[in-house]
Every structure is written in C-alpha cells, then in structure tokens.
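Undergrad: sequence and predicted structure are below.
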Amino acid sequence: MAGVDSAREVPRFSMRGIAKSFGATAALDGVDFSVMPGEIHALVGENGAGKSTLMKILSGALRPDAGSMTLDGNPFAPRTTQEARHAGVAMIYQELSLAPHLPVEDNIMLGMEPRVHGLRDRAAIRERARDALALLGYGSLDTGIRVGDLPIATRQVVEIARALAVGCGILVLDEPTSSLTLADIQQLFDVLKGLRARGHAIVYISHFLEEVKRIADRFTVLRDGRTVGAGAAAEHSVDELVGMMIGRRLEQLYPRSPRSPGEVVLRAGQLASTPKPLDVSFELRRGEILGLAGLVGAGRTELLRTLFGLSPLARGEVRLHVHSGWADPPTRWRQGAGMVSEDRGNEGLAVSLSVADNITMNLSRDTGALGIVKPRHIQATAQRWIDTFGIKARSPVQEVRTLSGGNQQKVALARLLHQDVDVLLLDEPTRGIDVASKSQVYELIDRLAAGDPAASIRPKAILLVSSYLPELLGVCDRIAVMHRGRLGPARPVGEWTEHTLLLAATGQGTTS
Amino acid sequence: MKRFSSLAQTLGPLAGLLFIFGLFAVIGPESFSSSNNLETIARQTAIVGTAALGMTLIIISGGIDLSVGSIIAFVTVVIAALLQAGVDPFLAALGGAGAGILCGFINGFLITRLRVVPFIVTLGTLLVVRGAAKGFAHEQKIDAPLTWLKELLAALPPGEGWRIVPWGVWLTLALAFVVAGVLVYTRLGRHIIAVGSNEQTARLCGVPVDRVKVIVYSLGGLFAGVAGVLQFSRLTVGDPTVAMGVELDVIAAVVIGGGSLSGGEGSIAGTIVGALIMTVIRSGCAQMGLPNWVQEMVTGGIIVVAVALDRWRQRRKASAAV
Amino acid sequence: MKRFSSLAQTLGPLAGLLFIFGLFAVIGPESFSSSNNLETIARQTAIVGTAALGMTLIIISGGIDLSVGSIIAFVTVVIAALLQAGVDPFLAALGGAGAGILCGFINGFLITRLRVVPFIVTLGTLLVVRGAAKGFAHEQKIDAPLTWLKELLAALPPGEGWRIVPWGVWLTLALAFVVAGVLVYTRLGRHIIAVGSNEQTARLCGVPVDRVKVIVYSLGGLFAGVAGVLQFSRLTVGDPTVAMGVELDVIAAVVIGGGSLSGGEGSIAGTIVGALIMTVIRSGCAQMGLPNWVQEMVTGGIIVVAVALDRWRQRRKASAAV
Amino acid sequence: GKKEAEPKGVPTIAVIPKGTTHEFWKSIHAGAVKAARESQVEIIWKGPLREDDRDAQISVVEDFVSRGVAGIVLAPLDDVALRGPVANATSSGIPVVIIDSDLKSDDYTSFAATDNYLGGKIGGEELIRLLNGKGRVIMLRCQEGSASTVQREQGWLDAMAAAPGIVVVSANQYGGATVETAYRASENLLAPLKNAQGQLTIDGIFTPNESTTFGMLRALQDGGHAGRVHFVGFDSSIKLVEALRNKHIDALVLQNPFAMGYLGVKTIVAHLRGEKVERRIDTGVTLVTASIMDRPDIKELIQPDLAKWLE
Ligand SMILES: Nc1ncnc2c1ncn2[C@@H]1O[C@H](COP(=O)(O)OP(=O)(O)OP(=O)(O)O)[C@@H](O)[C@H]1O
Ligand SMILES: Nc1ncnc2c1ncn2[C@@H]1O[C@H](COP(=O)(O)OP(=O)(O)OP(=O)(O)O)[C@@H](O)[C@H]1O
Ligand SMILES: [Mg+2]
Ligand SMILES: [Mg+2]
C-alpha cells in the first residue's frame, strides 16, 4: 500500500547536496534526501545532526548555502514559508509555535485566512479549523478558546491541526509527540496513515525509535550534517538504527549499579497545591530512584514545583531532611535539594549565558561572606564539571545556546552536582535528547543514586518524572503513578510493566 | 476554560472609571456630574483618546511609540501653514493627517529595516519630529485664519444639544468602532495580534511581519495625525511645543485599559476607558481646587493601582479557571 | 567563538564618540577641543552619567526606570530644605541620596509585590515623586544658603588645574569603577545579569530574584540621588521642575552604550561613553549656535543611527564568529 | 586670560533667552539683531533645549564661556541658579547683561527688564476699574516657581487686596507651560463656576502671561463666555490682539520685548567699548485697551515688524 514498489515513480520532493552553516558551525554538509508520494519517511539522528535545519530549508524558513531541491521533478527554491506552503509543504516545528493570545481557530488558519468582501471569513475559518481538529479526534474542541488557556498537550494538537489544515501534499512533523498523550499519539498515527493512503509525502522526525518502527515506511539517518544511512523501516532493528545514528553500538542503555536505600530524606503528606496536585503522599530515601509516571497534565510538574518552592503549597506537609514546611528555591538549595526543569530552553537554562554561569548561577558555594567572585575560580570549577561529565564544550565561557540538547541537559545536571545536593528532582531530564545522550544521562543518574566514592559522591535521593515508560522501568527502583493530580502508591519496579503503568496512568488500575 | 472575550477584559477598567467618577461626584462640587461637565470631559478626552487608538494597535503588536506627542505638534503646524496658504480647511486637515501617516510610516520603516527596537527608534523620532515642527514653524506659533475646524472640539453652542457632544468626539468614537472592528473582523487585525503574541510564529506561518509592522506604525501615525487635527481645533493655531509628554498619557491610557507592553493584549474599549479615567482624575482634582501636585500624585497612584488590580484580577481568574 | 568581553563591546560606541567629537572639532569653533571645553563637557555629563550608572544596572536586570528625572528633582528639593533648616551640607547631601534610595526602594517594592511591569510602576512614580517634590517645595523653588556643595560641579577655579575636573566628576568616575566592579566581581552583579538574562532560570537556580530586583531599583534610586546632589550643586536651589524628561536621556545613554532593553546586556564603560556622546552633540550644536530645532533633529538622528550601527556590527560579528 | 579663543574681527555676543519657541522671545531676538546690525557685532541666539529647564540653560551659558564669546546677554530662568555660571563668566572676563528677569547677584553689568510687579498691579487696577470696585474674580497662575510671573501674580493679588469689594474666588490653579495645558486648566477652573443657566458666576479674570491668557481666552470663547466677563491678560500675539479688538479681552498688559533685546545688546556693546552703562534699565509696561490699540506707538509695540530683522 505504501508506494515503495514503483521505482520509476518521481519522488514527491528531493534534496541534493544541501549545505547550511551557522557561522563556523556546519549544520548540514551535503545532504541528499528524498521522499516518495504515499510514504511516511522517518528522519532520525542525534541531537544537532541537522534534522530540523534540513526541514526548515524545505519549508522555506531557512535558505541553503548550497544544493538544490526539486518538487515533483521541478526545481524548488522557496524564499519564504508562505511560498513553500503555497507549493503544499506544511511543517510542525519542534518548538511549539503558537500565538497564545489568539483563539484556536485563528491559530490554525494563521497566514491563510479566507476572506469575503475584504473581511476575514469567520464562518469559513471556524469550519476549516473544526475539520482539521476533527481529523485528530478533537472535533468538539471550542475553537474560540485562547490558545494560552489550553493545556500544553492540547496546544500540540492545535499545532498539528494547523499543518493539516493547509491541505498540503507534504507534511513535516518535527518531534510532534514529545508532549502528546498515548491516545493522541495513536490518533495522530491513524491520521498519518490516512494521509499516506491519499498519496501524501510525510516526514516524521522523532527520538522515539519505537515510534519510528511503528509508523515509518522508510528512514534516513543523519549524522553530523551528512546522510549516513537509509532503508526500509521494517528491515532494520532499533539497535541497528542507533548504531547508524551514533556510529557505534550502544552497549547497555540502562545501567544499574547496586544501590542500598538509606534514611528517608524527603517526605510528602497529603500535599496539595492549586490547581494541582490534589493529594500526594510519598517517601523518598537516600540511594534510591523513585519514578513518577502519568499522562501529560497529570500534575507531576506541579508537584515538583511545589516541593521546590516554585509554586505555593495549599495544604499538607513536606519534610526535607529535618526541615518541614514550604520553602522558596534559595532555601531549598541550601537544604540540599535541586531541580532540573522540563522546559530546558525557557526555564532550565539561561541560554545566553556561559556554561560556567549556568552551573554556578546562584554562586552560594563560590563566594565568601563578602560576595566577591573570582571569575578564574568559577571557570576552573566549571571546567572540572565539564571534564567529569564529558560535556562537549570548547570552554567554560561558551554560551549554552551553542551546545547540543544533550550537552545542555548535562549542564543542567552539573548544576545540581556542583551545589552538592542530596535530593534531586528531575523533570523529564531526557526530553528531546538523542539516544546516545540519553544513555549518558542514565549513566549519570545511576552513578548518583549508587554513589561514587572515587569521585567522593555520596548516594543521592532521586525523584524522576518521565513520560517515557521504558526509561522509568529501566532506571527506577520504585514507581508511582499520578492521575489527575492524585498519586498512587509507590511499588517496586519489578511489580510494574508498561501495560500496568498505562492502565494506572489512565485511571484504570489505581486500586492495589 | 474561558472564551476569547474582549468585553470581559474591559469590565475591570470600567468599574475603576465608575468608581473614580462616583467618588468625585460625591466629594467634588455639584457641577461635576452635570451634563455640561460630562461634555467637557468627553471633549478633553478626545485628543488623547484618538492617539491612543493607534497606540493600542502598536502595543498589541508588541511595539511602542514615544513620538506621538511630537507628531501631534507637527500636525498642528502643518495644518496652520496650509490654512495660512489659503488651502481649504478640509484639505488642510487631510494634509495634517497625511503628515501624521508619513511620520508613522518612517517609524515603521526604520524599525523594520534597521532592526532597532521601537523604543529607541521612536525616542529618536520624538526628537526629530519635534525639531522639524519647530523648524517648520520658525520656532513660534503659526497663526491661521479661523475656519470651521475650530468647531470640531468646541463646546456645543446652545440649541445644538441634540449632538450631545461636538463632532470631534463623534469622530473619535467612530474611529474607535472602526479600529475595534479591524481588530476582530479583518485579517490585518488578527495578524497584528499574532505578531504581538509570537512574532516568530507569525513569521513561520507566513504573516508578512514587516509589512504588518509598517502598517501598524503608519496607522499609529494616522491616529496621531487625527489627534493633531483635534488639537489644532482646540488651539486654532499651529503650536510646535504642544503635546509634550503626551506620549506617556497615551501609553498609560492603553495600559490602564488592559494593554500589555509585552504584546498580544489590549482592547479598544479598554483604551477609551483608560483615557477617560485620566481625564476624570484631572478634571475632578482641578474642580475640587486641589493643587496641581496633588493631582499629579493622585494620577500616578491611580495608574499603578489600576494596572495592579487588573493584573491581580486576571491572575486570579486564570488560576481559578484552568 | 566569542569571549564575554565588555571592553570589545564598548569599542563601537567609543568610535562613535571619537567620530562625533572629531566632527565638531573640525567644523565647530576652535575652542571646541580646548582643555577648558573638555572640562565643561565632563562637568555637564556628570549628572546624566551618574544617573545612567543605576539605569545600566536596572536595564541589565531587564527593567526600566522612568522616574529618575523626578527623583533628581525631588532630591534637589530635599537638600535645599535640609540646608535651609541649618543641616550640615554633608549630611544634607547624604539626606538627598537617602531620599533617592527611598524612591528607588519604593519602585522595587511595588514592582516585586504588585507584579506590575516596571514601565508602568515607574510611570506612576514619575508622577507621584514629581508631585511630591512640588508639594514639598510649596510649588516653587527652594532657595538654600550657599555651601561648599556648589563646588562639586563648578568650573575649576584658577590655580586648581591639578584636579583636571571638579570633585563631582571624580565622584562619578569613582562610582563608575565601583559599579563596573560590582557587575563582574560580585555575587550581586552576577545575579543581576542572571535575572536579566532569564528570570525563570535565575529563580529555579535559587537566585533571590525579588530581593535582587529591590536592590537594583534601590541602587538606581541611590545613583539618581547622587545625580540629584550634583544637580543641586549646579543649581544651588531646590527645583521641583528640574530634570523633566531626563529619563529619556539617561535611557538613551545606556542603550547607545550597548545596553539592551530586553535585559542581560549592558556595560558601564559603554554607558559613560553614551552619556558623553549626548553631551558632545549638545555642546557642539550650542557652541556652533545651531538653532534648537536643528540640534533636536541631530540628536534624535544620532541616537537611532548609533544604535542601528552597533546592532548591525554585533549581528555581523555574531554571524561571523560563532 | 581665557579669551584667546575669540577670533579676530567682529566680536561675538551670545544672547540666551529662556526658551526659543515663543513670540515674546522672537521679539527679543529681533531687537537684538537690530542692535547687532547697528553696532556691527555678531550675535549667537541660543536658548536651552529643554524649555524652562534651569539646568539646560546653565549648560548653554557654560558652553559659551568655554567658547570664549565677547559678552553674554542672558534672560535667566532662575534668579539664584544662574548665579554661578554668571560669576564664572565674569571671572573669565566675559561681561553679562541680564534681561527680562532678575538675577540675585552683583556679577552682571546691567539689567534691562519690565517691572513685573508693577505690570501685575496695573493689570489688577484695570480689572478693579472695569468692575467698579466690586465683584468675584479669579486668576489662573502660570508655572510653579517662575519668578517673573510670580511677581506679576503678587502684584495683582496686592491690588486685589487693596480693593475691599473684590472677592478672589480662586488663585491657586496653574496653567502650566503650554497653551494646551492652560486651556485645559481654564476649562476645569471655570466648570464649577457656572450657574444653572450655564453662565459664569464670576465677574473678572486675570492671567499673567501669553500662554495662560490664550488658554483662558480659548476656554471662554469655547464656552460662549467671551465678552461676558471682564478679562485682563498679559503679553500679546496676533490672536490676543484680535480678541482685544473683538472685546473678548478688555485689556492687555504689554511689555516691550523688542526693547529688551535691543537694549541688552546695545548695553553690552557699550560696556565692551569702555563706555559707562546704567545698572538698571526699565523697559516699561503699557496697558493696552481697544480704544488705544491703533495708535502708531502702540501698534509698534503690539506687532513689531519682526520679519525685517529675522529674514
Ligand atoms: N539558528 C542557529 N544558529 C546557530 N546554530 C544553529 C542554529 N540552528 C541550528 N544550529 C546548529 O546547527 C546544528 C544542527 O541543528 P538542528 O537543530 O538541525 O539539529 P537537530 O537534528 O534538529 O537536533 P535535535 O534532535 O536536538 O532537534 C546544531 O549544531 C545546532 O547547534
Ligand atoms: N504556573 C505555571 N507556569 C508555567 N508553566 C506551567 C504552570 N503550570 C503548569 N505549567 C506547565 O503546564 C504543563 C502541564 O503541567 P502539569 O503539571 O499539569 O502536568 P505534568 O504532569 O507535569 O505533565 P508533563 O508530562 O508535561 O510533565 C507543564 O508543562 C507545566 O510546566
Ligand atoms: Mg531539531
Ligand atoms: Mg511536566
């Protein structure tokens, strides 16, 4: 059914010898890429391999330094996104790109509003927006709601709907599922299959290789701005894909050193905040990793934010070591807790500042009573962490924005280690990073939980929030599931499977 | 879940206006709530209100325009010069509005071409346009023959009470309706909100961001120009020193009315209410014979309190309704 | 790859300053490059320069302060009143600086507690503080006995040439060095940059964001207060109407010097150069006897061009050297 | 010994007004140009960029001292704040003649100005005469802390105090710097002073300078009150003269700015040439009413031919 069989067929579009540099960084270095009509083509590669850049060139958001493109066999060189859209190319960008102040319908039809008598045709706009949403199973969503008032997951649905509404022949999805619920992902896949059947060409970018195996017909692997492999998805295992992406075989994704849980360091009793979480109780011990599973919007982020003093505490108790009650972030750091935010770009890191500034940001351990800073000392300190974690940075004063996603995440983790905290609150620490970086982060988390006398690291207590179930099952000692603001009991990892986790997350398996 | 509704957003400022008005009606002189005084308040609001229409668009688009006071002064000078040269009053007013559009277009052009933030560009044109007005007028007021233009904002002559307020105020109201309509019913309006809400997204979706900005600043210039026509109507002379510092009143009107300086938010109805609040405070303080310094302090205090209350209300609503 | 270097960032504005100075030295009167005139320029820059030190911190932290002109006026009134009451000049100056800190603290307090953007809060205090100054001074200037305070910014008397410039200018320079040092070598300085670069990250990392902001605005008030002391030294009277609109000069100085209104960027050296550019333009135009309107237009034009060139240079460098 | 910068040939005189955008200063400028042409000197006309800003004017004076002009004619914005710069000029060998407003200092050569207190008083006495000694009156003040208008306001208040039948209803509102602010202030000042029929409940009005007079005039014309209330103003402009003719204004107290500029420059030139000059020169005030406004000498005062001197 996927038109791979006819080799004579003209590709829907093809890109030849595409190169693109940002200053001294060569993001793309002669990439060839083509997609047939009626095909779902996965584009995979490590962070910074150039996937987004390649697709931005196709969609007219960037212009290549060299190379050529054809569309249905004709030369194609869009100068603006508008031009590309008229040619039938629609793209969902990796970073959520919506106008929060506009209602859903205007976001979906932005830039291509139909008009009558010079005015925007509100009825037509609403209708087309509804149609696009209906494809995704959201036909009943009120299109008059401001996007800023929607939960994150629904926003992503709106963004996908926008691409569908173009009525395009080519659809590019750059990590569309990073904050979708499982049901929504299934719905999306159904839609994509429907489009494929109608002869659309679809490019699918994802770090979830299982998804790639499930949905894609063929795949292309990018590494360091070059095409290093391609083939039919059915003929290659996930391990083979990983091998092509990182240029070697990955030994063990989830390392597990012997851990010996110690005293309770963090305890929550019937904790609640507004609007979420509602009623959360748990205990976290030194030397263990407690995983929090749940659907997007279940309230896990809000739980961490409340524990860390970024959100107010409405009711209930918190106890960190000997300190009880709510405390603000500066106090939490002093008490030995640290947090990694799920929103790396906006909250987790100050991307315009250097690696050193980001690691040492609050400087509480780096200055004396007078608050005097010695820049050289700071840089030396940062260099130590760069070496310890193998962060790929040229120097401690390099701006964080120039690092790849995985390396950025390591900077965010290094901050906790630099502060020498005992309790780590990690919110989606591997979101959006590639499989090799993930394995490094897992290694790091494992080392922290078990302790490393060689590097004089004491065992830590780790609370890990993740929406990626294999990761939770691979890394944690115990897992608890959150559903609509309520946390179920924490059970040893051996008692869970992906299936039971899912049931609990959807509210069907909460009773013990 | 809440629906997109600009009416509800205006309720806060409106309540503030009614409260302040009520306060002065109670503690101020009796004449304060007379229809006569209401007309005066309307007339005094017309100029800032008209300029604030354009500023609302600019602020919604995520920008700011500090040059609006200078444009008003420049326009009064242009009109006076045209009238002096024997041009028909209607054409002279058109010429003034045209001068306003030109200034606004220059703002928009510089902002989009030089990629310098609006604050700086319009800080520059604030000086340049003011200087041009003074130079053009040879550093003095330009006298102009009296024409019907002066009726635009004059107090109603007896027997014309059916008009309720002078034509100039009707003009402001009519323009307010048009702009409110543009925001809701046209593609341009949606594009303005999109640019202010998320410029990156707007660009990716094929909104011609630069063109939208140039149009927005040109419209800002147009409304400053119309405000200049009204200002001329009050002065009956071209005065290059008039309206100094008015930009702050205008911006305050927009922000009191719910506009957000980070873009994406603002409403025409709110802006008009904001402009009225400022006039009512000034008029009430003056009629109670309060010294100017008290008036200044009260105005400043109310700006902060009004915005603080509005933001607080919105935060509360947001956290209650998600 | 580029290293964080405030020196290199200052080169652009510095080249601009030298160019403009050279221009006036060539086309202006001979006396323009005399040491005498250099001293005059230094003296005239001191007030805006000192206030701009605080504004640099505020702008780096991602804020803005429109009330600085009002604070300067308020401080001159406070000093004059204290002197009139027989207070020792040194204590009176301290009192003035204290009044400045108080105003700044109020700004910071309102901004952090009410969660209203700095533009609005300081627009309010611009009016409130100006009104307070007028009320405190009973709506007229306050004459004060002559004291040594007036020497702070007076032209050097003959025979004191070894000082090169009056003490007031040395004070400004000393403060500039201190503030530059604070930014690079203290925790507070790094925190200010962190808050301006990404407030959310700073909060997450345990930077006491609200406290940093209150300190920054209080420092802004302190420097406005010192500028007020210098202003008093020039006026020798307490003048509630002085320094109207100075906030725009001060902000322009910071931005010409490389500060970014979106926060995280700015340098003390650049700010001082920016303030000097403004004085040189003013002084050059005045000494050439150019009409005020020409001077206004030139100043406005140079602000835009200077910032545009600087941004263009930085964009080019960024794209060449990442 | 700081005068070596002065180029050889014609001496340059700096004339520094309080502001530049006003008919009043234009007349002073014209008078100064006339004197300069007669005496063969050059003048530089330069006011503070920020009008009515004392500090800005101090800067201008300093700039000309730096430049080393031959002499300075100054209309000080403040009688105290400008002392320092003037003293500095004098000690640098640059003589200063003060015009328009007084300076509390001995460092100047001569002072040519209107007697402002007298001007206010004359205006007040005219108002009392028009009201036959009794009635309710108001005054719209000019700006906080502006010395010359404060003196006029005081002169007027003293005249009122001397008339037992007069009630001053309001004298604490300020018109501010520009016509628009004065206009608005006038409207708000008049609003509560109306009876049920919309007629004013006051009999007389005084305003102490051009902008307040014009602002008040516009408010009166606008509300249909012009001509129905006695109105004495200060200074002149085309619009004010027109109103005087239409009986919208009863009388204007006129200064002689042309003479101020003229005598200021003449005096400093005489001083530079070693002649002896008067320490105080009164340039006179004149009360003008509709009946005498067409006399040639008054006409010259009301509408001096500025174009002849200012290109
Ligand atoms: N606007 C830009 N300026 C400078 N460098 C950039 C820019 N955009 C991308 N890069 C760089 O180009 C390279 C490719 O980036 P790209 O975003 O295409 O990677 P990606 O494959 O999409 O990675 P990820 O999986 O993390 O999304 C990276 O080194 C990145 O740092
Ligand atoms: N007050 C807030 N400020 C900023 N972002 C918020 C706020 N409240 C919620 N969010 C964001 O909204 C999203 C939904 O948050 P919520 O806590 O409800 O779900 P969650 O269980 O953490 O889901 P996820 O799987 O995305 O982590 C999160 O991305 C969270 O960061
Ligand atoms: Mg990408
Ligand atoms: Mg989350």
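TA: The structure has been received and is ready for your questions. Values in this document were obtained by computation on a predicted structure and should not be read as measured data. Numbering: from 1, shown residues only, chains lettered A, B, ... in the order given. Ligands and ions are numbered 1, 2, ... in the order given.
Undergrad: which stretches of the stretch 51-200 of chain D have low pLDDT?
TA: D:145 (pLDDT under 70).
Undergrad: those residues of it touching chain C, which are they?
TA: D:52-55, D:58-60, D:62-68, D:78, D:80-81, D:83-84, D:88, D:143-145, D:150, D:174 (Cβ under 8 Å from any Cβ of the partner chain). (Glycine included, C-beta is placed from N, CA and C.)
Undergrad: one more pass at 6 Å, please.
TA: D:54-55, D:58-60, D:62-63, D:66-68, D:80-81, D:84, D:88, D:144-145 (Cβ under 6 Å from any Cβ of the partner chain).
Undergrad: now the two most distant members of these.
TA: Spatially, the most separated pair among those is D:68 and D:144, at 35.4 Å (Cβ to Cβ).
Undergrad: who touches the helix or strand bottoming out on mean pLDDT in chain A?
TA: Within chain A, no helix or strand scores below strand A:115-116, which has a mean of 82 by mean pLDDT, DSSP states H and E. Applying Cβ atoms under 6 Å, 6 or more residues apart in numbering or on different chains, the external contacts of strand A:115-116 come out as residue A:121.
Undergrad: so what strands line up beside the helix or strand that it is followed by?
TA: Of the helices and strands lying after strand A:115-116 in sequence (DSSP states H and E), the nearest is strand A:119-120. In the sheet, strand A:119-120 lines up against strand A:115-116 (antiparallel) (DSSP bridges).
Undergrad: tally of neighbours for the residue nearest to residue D:146 when sequence neighbours are not counted?
TA: Among residues not flanking residue D:146 along the chain, residue D:52 sits closest, at 7.4 Å (Cβ to Cβ, 6 or more residues apart in numbering or on different chains). By the criterion of other Cβ atoms under 10 Å in any protein chain shown, residue D:52 has 17 neighbours.
Undergrad: roughly how far does residue D:52 sit from residue D:148?
TA: For residue D:52, the distance to residue D:148 equals 12 Å [Cβ to Cβ, to the nearest Å].
Undergrad: what is the neighbour count of residue 121?
TA: You didn't say which chain, so I picked chain A. 17.
Undergrad: actually, chain B is the one I wanted.
TA: Residues near residue B:121, counting by other Cβ under 10 Å, number 31.
Undergrad: contact partners for it?
TA: B:110, B:111, C:304.
Undergrad: what is the nearest of the residues you listed to ligand 3?
TA: residue B:111 (30.6 Å; Cβ to the ion).
Undergrad: how about that closest one, what does it touch?
TA: Applying Cβ under 6 Å, 6+ apart, the residues contacting residue B:111 are B:118, B:121.
Undergrad: just the element for it, please.
TA: Going by DSSP H and E, residue B:111 is part of helix B:89-114.
Undergrad: next SSE after that helix?
TA: helix B:118-136.
Undergrad: ok, and the closest non-adjacent residue to residue B:296?
TA: residue C:131 (3.3 Å).
Undergrad: surely the one you found and residue B:295 touch.
TA: No - counting by Cβ atoms under 6 Å, residue C:131 stays clear of residue B:295, with 7.4 Å between them.
Undergrad: just the C-alphas of the helix or strand hosting residue B:273, formatted as PDB.
TA: Using DSSP H and E, residue B:273 sits in helix B:268-287. Only the C-alpha atoms of helix B:268-287 are listed here, as PDB (Å, rounded to 0.1, in the frame of the first residue of the first chain):
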ATOM      1  CA  ILE B 268     -10.100  49.500  22.100                       C
ATOM      2  CA  ALA B 269     -12.900  49.800  24.600                       C
ATOM      3  CA  GLY B 270     -10.400  49.400  27.400                       C
ATOM      4  CA  THR B 271      -8.200  52.100  26.000                       C
ATOM      5  CA  ILE B 272     -11.100  54.600  25.700                       C
ATOM      6  CA  VAL B 273     -12.000  53.800  29.300                       C
ATOM      7  CA  GLY B 274      -8.300  54.300  30.300                       C
ATOM      8  CA  ALA B 275      -8.200  57.700  28.600                       C
ATOM      9  CA  LEU B 276     -11.500  58.700  30.300                       C
ATOM     10  CA  ILE B 277     -10.000  57.700  33.700                       C
ATOM     11  CA  MET B 278      -7.100  60.000  33.200                       C
ATOM     12  CA  THR B 279      -9.400  62.900  32.200                       C
ATOM     13  CA  VAL B 280     -11.800  62.400  35.100                       C
ATOM     14  CA  ILE B 281      -9.000  62.400  37.600                       C
ATOM     15  CA  ARG B 282      -7.500  65.600  36.200                       C
ATOM     16  CA  SER B 283     -10.900  67.300  35.800                       C
ATOM     17  CA  GLY B 284     -12.100  66.200  39.200                       C
ATOM     18  CA  CYS B 285      -8.900  67.300  41.000                       C
ATOM     19  CA  ALA B 286      -9.000  70.700  39.300                       C
ATOM     20  CA  GLN B 287     -12.600  71.300  40.000                       C
END
